[in-house]
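When you get a sec, could you give me coordinates for this:
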Amino acid sequence: LETVLKHPGPYGFWNEWVGYSEGRTDFGDMTSSGFIGFTPTTWLQYAESHVLRYLYLKPPPKRRIVLGLDKLPSYIAEYDKAQRIYHKIEPFDDPSELQTILRSYEITHFNKVPEYIGFQLDYNQAIILGQLVEEGESGTEKAIKKLIATGILTTKPSPEVRAHIHSRLNLARNWIKDCAPPHLQINIPNEIPQEIVKTIDPETRKIVLALAKTLKTTSWTQEEIKKCMIELKTKFNLSRKQMATFFGILYQ
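Coordinates of the predicted model:
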């Protein structure tokens, strides 16, 4: 190309291709020939554009990166962390990595970094809330009430925060519908299925009932629920294996 144009290239290094994966399978580099990958339009159904830009910009240009839509919550968590670090909300101790994060975040926003709006709705929380409330403004209002009730959101949201919550709920709903694994899809039955009831031994049933009784009089914040769990572990002297069984039942 330099020979044809009779002009040196702008950079003395190459940019590596972006690969595409599903689960643990790497399908090779994204290409339009036979089409492997996803389009920017597809990405925008599930996440903000600046998240994808950050993923492209943060790794060294010569390093191949592999992206898959099934891993999207972790990508958004990485971007959200960079945002918190940039705005000095979250500390970061590695000075060399810190410079990479800060500069990548700035370039992601074309060196015009917007002010921090004061709140991030975690994408995993949006995945859950998006399945518990209906779509539209009424659903967003219910989600905000749940966020306030659980202590995740501490004040009435500003218009900017409300727009952020509304957008993330819609993106998460799309991702759940098209990309999410079955274990993230919430289905609340009217009664506990008998096949689950049969797997609960008497000792574990006693612990589950004790938790239900405690939660009736507990504030449903993350810290309070975590405190209840710790108290149960101590009260019943639960081993790691018993705790794993207990949590497995709760998530069923």
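
Please make it C-alpha for all contacts and neighbour counts, starting now.
Fine.

And the strands in the protein, which stretches?
18-22, 25-29, 65-67 (DSSP state E).

Give the buried residues for the second one.
Applying a neighbour-count criterion of 16 or more other CA atoms under 10 Å, one finds Asp29 buried in strand 25-29.

And the last one, by the same measure?
In terms of neighbour count (16+ other CA under 10 Å), strand 65-67 has its buried residues at 65-67.

okay, those in a markdown table with pLDDT next?
Output for the buried residues of strand 65-67, formatted as a markdown table (pLDDT from 0 to 100):
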| residue | pLDDT |
| --- | --- |
| Ile65 | 93 |
| Val66 | 95 |
| Leu67 | 96 |
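
what stretches of the protein score poorly on pLDDT?
1, 10-16 (pLDDT under 70).

domains for it, by residue range?
2-108, 123-184, 194-251 (automatic domain parsing).

Which one of these lies nearest to Tyr116?
domain 2-108 (7.0 Å; CA to CA).

Straight-line length of that closest one, end to end?
Domain 2-108 has an end-to-end distance of 29 Å (CA to CA, to the nearest Å).

Would you mind listing the outside residues contacting the longest helix seen in the chain?
Taking DSSP state H as the criterion, the chain has its longest helix at helix 159-178. With CA atoms under 8 Å, 6 or more residues apart in numbering as the contact definition, helix 159-178 has outside contacts at 45-47, 117-121, 123, 126-127, 129-131, 135, 137, 140, 144, 184-185.

Just the ones of those residues in helices?
Per DSSP H, the subset of these in helices is 123, 126-127, 129-131, 137, 140, 144.

can you redo the residues you listed as a markdown table with neighbour count and distance to Arg205?
As requested, these are exported to a markdown table (neighbours: other CA atoms under 10 Å; distance: CA to CA, whole Å):
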| residue | neighbour count | distance to Arg205 |
| --- | --- | --- |
| Tyr123 | 23 | 32 |
| Ala126 | 22 | 30 |
| Ile127 | 24 | 29 |
| Leu129 | 22 | 28 |
| Gly130 | 25 | 30 |
| Gln131 | 19 | 27 |
| Glu137 | 11 | 40 |
| Thr140 | 23 | 35 |
| Ile144 | 21 | 33 |
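
Quickly check those for the two that are furthest apart.
Pairwise over these, using CA to CA, the maximum falls at Tyr123 and Glu137, 18.5 Å.

ok, back up a step: tell me which of the domains of the chain sits most buried.
Per residue and on average, the most neighbours among the domains of the chain fall to domain 123-184, with a mean of 17 (mean count of other CA atoms under 10 Å).

would you turn the ones in helices among the contacts of helix 159-178 into a markdown table with distance to Gly28?
Shown next, in a markdown table, are these (distance: CA to CA, whole Å):
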| residue | distance to Gly28 |
| --- | --- |
| Tyr123 | 27 |
| Ala126 | 31 |
| Ile127 | 29 |
| Leu129 | 34 |
| Gly130 | 33 |
| Gln131 | 33 |
| Glu137 | 41 |
| Thr140 | 39 |
| Ile144 | 41 |
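
between those residues, which is closest to Pro8?
For the ones in helices among the contacts of helix 159-178, the nearest to Pro8 is Tyr123 (44.0 Å; CA to CA).

Assess the claim that that closest one and Tyr75 are in contact.
No. Using CA atoms under 8 Å, Tyr123 is not in contact with Tyr75; the gap is 9.7 Å.

can you dump the C-alpha coordinates of stretch 45-57 into CSV?
The C-alpha trace of stretch 45-57 is given here as CSV (Å, rounded to 0.1, in the frame of the first residue of the first chain):
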residue,chain,number,x,y,z
GLN,A,45,-29.5,-4.1,20.9
TYR,A,46,-27.8,-5.3,24.1
ALA,A,47,-25.2,-2.7,25.2
GLU,A,48,-24.0,0.9,24.8
SER,A,49,-21.6,1.7,21.9
HIS,A,50,-18.9,3.1,24.3
VAL,A,51,-18.6,-0.3,25.9
LEU,A,52,-17.5,-1.9,22.6
ARG,A,53,-15.1,1.0,21.9
TYR,A,54,-13.5,0.4,25.3
LEU,A,55,-13.1,-3.3,24.6
TYR,A,56,-11.4,-2.5,21.3
LEU,A,57,-9.1,0.2,22.7
